[in-house]
Structures are given as structure tokens and as C-alpha cells.
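**Q** A structural model of the following input is requested.
(one chain, ligands or ions: 1)
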Amino acid sequence: MELSRKEALAIYLSAALFVASVASAAEIRAQHEHWRKGCPGEVQIDEQGIRFIPQTSGAKAHLWEWSWQDVQRLELSADRIVVVTYDDVRWRLGADRAVRFRAATGHDFLGAYQLVRDRGDVRLVAKVADRREPALWEIPVKRLGRTQGSHGRLRAGPKRLIYESLSDNKSMTWKYTQIQNLSSLGADRLVLTTSLGQSVFQLKAPLDQTRYDELWRKIQGAQGLSAPPIVHGEETGR
Ligand SMILES: [Zn+2]
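**A** So this is what the prediction gives:
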């Protein structure tokens, strides 16, 4: 009895320590991507921001460091991170500077995603399927692409809409606050609009009207708009 209680405590403590270590910082072996080849190092992500510590030191070594307020957008997929800053690229008028990092073989940024998924001060573009969000419902879909679509499932949670793709690096997770509009296109298409563009989903199973309305209200609610009572067949008037 005593032993099992000690064991339980040990398990509890190690779990708590694990959560604490996961929740504070992540260090991922990665490459800073260049035109031809990358320079190896480590991407570090914590509460203050994101930095890249190169493996080699010296005057020409690429050391990067941003606090979260200086990151205009953090695009995160399993194997890649793109930091878009507010700095201009001098030789391209008005273009924002984007710095890219690729995870080293056998490493990924999925743990880093867990660190930033709930932060309000990180403007995250999550190119991963969130696994912690409880699913209210999901339907099989095809996401239409410019050249080639991908297949997967569209999953609605309390705070997020998730596209979990069967193809590598095609998944997405949007917080409802990031979705500007949702509309239907014909009977079997959903159009999602964010500040970065539109995503069109072809529904492989019918989406119940109640669920569509609920989703629409969540998105409007997240935009800070009070949801008017929905009259079926009427324009939403946005
Ligand atoms: Zn470099």
C-alpha cells in the first residue's frame, strides 16, 4: 500500500516535472536555410521569444534573436519554421523579412507548437493538426489546392478549426479568432477566409445545418461581433 502510494507520487512528480519542462522552453536542432545550403545550429523557443544559436561561432555566424513582439508571424509546420519580422528587405521595397529554419533529420517542431499554441502574443500560423483540441465533430474533406488538392478531415473544436491532412505538411489549425469569414459555396463547399487568404474545402459528407450555423457563430463571436439570429437562406451581410 505504502509502496504504491510512493510510486503514485513518483509518477505524479515526474509527470509534473515533464509538464513544467515542456511548458517553458524547447530546443530543436535545425538548419538556418540559405540560398544553397544551411548553417546548422539550434532553434530555441521560450516565453521571451525565439532565437537561433549557430553551431559555429565567428564573425560570419548567423545568430538570430527575436522577442515575440518583433515577430509579425510565426509559420510553424512539423519540419519548418518561418519567422516573418517587421524588418524591410532593403532590396525588395516593402517586403517583410522572412527567416527560415528547417528541423534537422529526426527532429521536429511539434513540441515547440505546444509551447506557443495558447499564447495570445504569438501570431501563429499553425501548419500542423492540433491534437489537444477536443473534437465536437469532424467530416471527411478534400482541401482544394491551386495545382493539387489534399485529402483529410475537418475537425471543429471549442476554440479551433483543424484540417488534419493525410498528406505530409498539408495540415492546418486555425483559432476561431484567426478566421475572418466562413461561407458555403454551393451545397458541398466551405470557404474559409483568413488574413493570409482563402481555403476551400470540398465536403465528402454533408455538413449538418446546425453544425454549420454553430461554426459560423463561433467565428463571428471570435471576431467580437454579436451573432444575429440566423435566418436560413438569408445573406449574412458581412
Ligand atoms: Zn545561416
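**Q** which residues are in contact with the residue positioned nearest the centre of the chain?
**A** Centroid check for the chain by Cα atoms, centre = their mean gives residue 126 as the closest residue, at 1.3 Å. Residue 126 is in contact with 76, 113, 117, 172-174, counting by Cβ atoms under 8 Å, 6 or more residues apart in numbering. For the C-beta atoms, the positions are set from N, CA and C on the backbone; glycine is no exception.
**Q** and the end-to-end length of stretch 40-55?
**A** Taking Cα to Cα, to the nearest Å, stretch 40-55 runs 6 Å from one end to the other.
**Q** for stretch 110-129, list the C-alpha coordinates in PDB.
**A** The C-alpha trace of stretch 110-129 is given here as PDB (Å, rounded to 0.1, in the frame of the first residue of the first chain):
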ATOM      1  CA  LEU A 110       5.800  19.700 -32.800                       C
ATOM      2  CA  GLY A 111       6.900  20.300 -29.200                       C
ATOM      3  CA  ALA A 112       7.500  23.900 -30.000                       C
ATOM      4  CA  TYR A 113       3.900  24.100 -31.300                       C
ATOM      5  CA  GLN A 114       2.700  23.100 -27.800                       C
ATOM      6  CA  LEU A 115       4.600  26.000 -26.300                       C
ATOM      7  CA  VAL A 116       3.000  28.600 -28.400                       C
ATOM      8  CA  ARG A 117      -0.500  27.200 -29.200                       C
ATOM      9  CA  ASP A 118      -2.200  29.100 -26.400                       C
ATOM     10  CA  ARG A 119      -0.200  32.300 -26.400                       C
ATOM     11  CA  GLY A 120      -2.100  35.400 -27.400                       C
ATOM     12  CA  ASP A 121       1.100  37.300 -28.100                       C
ATOM     13  CA  VAL A 122       2.400  34.900 -30.800                       C
ATOM     14  CA  ARG A 123       0.900  35.400 -34.200                       C
ATOM     15  CA  LEU A 124       1.000  31.800 -35.200                       C
ATOM     16  CA  VAL A 125       0.200  30.200 -38.500                       C
ATOM     17  CA  ALA A 126      -0.100  26.600 -37.400                       C
ATOM     18  CA  LYS A 127       0.600  24.200 -40.300                       C
ATOM     19  CA  VAL A 128       0.000  21.300 -38.100                       C
ATOM     20  CA  ALA A 129      -3.100  19.500 -36.800                       C
END
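**Q** thinking again about what came up before, and of the contacts of residue 126, the nearest to the ion?
**A** Top of the list for closeness to the ion, among those and by Cβ to the ion, is residue 76 at 19.1 Å.
**Q** after the helix or strand hosting that closest one, next one along is what?
**A** Residue 76 belongs to strand 71-77 when assigned by DSSP states H and E. Once strand 71-77 ends, the next helix or strand along the chain (criterion: DSSP H and E) is strand 80-89.
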